[in-house]
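> Dropping a prediction and its sequence here:
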Amino acid sequence: MSKVLITTVPFGDKNRLPLELLESAGIEYLINPLGRKLKEDELAGMVGDFDVLVAGTEPITARVMEYARNLKLISRVGIGLD
């Protein structure tokens, strides 16, 4: 079974459809338990057991990737105005 870490907040608040699709496919997910942008150490500590990362704007550094043993996909959410 795939496991998804969703770090961007508030994910699914305005539209639950993405979460419902994950649930209906039997995919386990965790939405950022801190409710704010994660720091490098926090993300490194969380990412280890997940197959997919749905990311916001937190730093996905080489150090984070060292801990991402099972990670197969990173999807960045949002639009840019930079």
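Thanks, I have it.
> and Thr61, what does it touch?
Thr61 makes contact with Glu40 under the criterion CB atoms under 8 Å, 6 or more residues apart in numbering. Using the backbone N, CA and C atoms, a C-beta is placed for each residue, glycine as well.
> Phi and psi next, for it.
Comment: the main-chain dihedrals of Thr61 come out as phi -90, psi 170, following degrees, to the nearest 10.
> Would you mind giving me the confidence score for it?
In the predicted model, Thr61 carries a pLDDT score of 96.
> That one and Ile79, how far apart?
Thr61 sits 23 Å away from Ile79, taking CB to CB, to the nearest Å as the criterion.
> in this protein, which ranges drop under the pLDDT threshold?
Judged against pLDDT under 70, the low-scoring parts of the chain cover residues 80-82.
> Surely Glu20 forms part of a helix?
Yes. Assigned with DSSP: H, G, I helix; E, B strand; the rest coil, Glu20 falls within a helix.
> and it, how many residues sit next to it?
Other residues within reach of Glu20, judged by other CB atoms under 10 Å, total 11.
> ok, now Asp51?
16.
> residues contacting it?
Taking CB under 8 Å, 6+ apart as the definition, contacts of Asp51 comprise 2-4, 70-73.
> now Leu53
With contacts taken as CB under 8 Å, 6+ apart, Leu53 has the following neighbours: 4-5, 7, 47, 60, 68, 71, 73-75.
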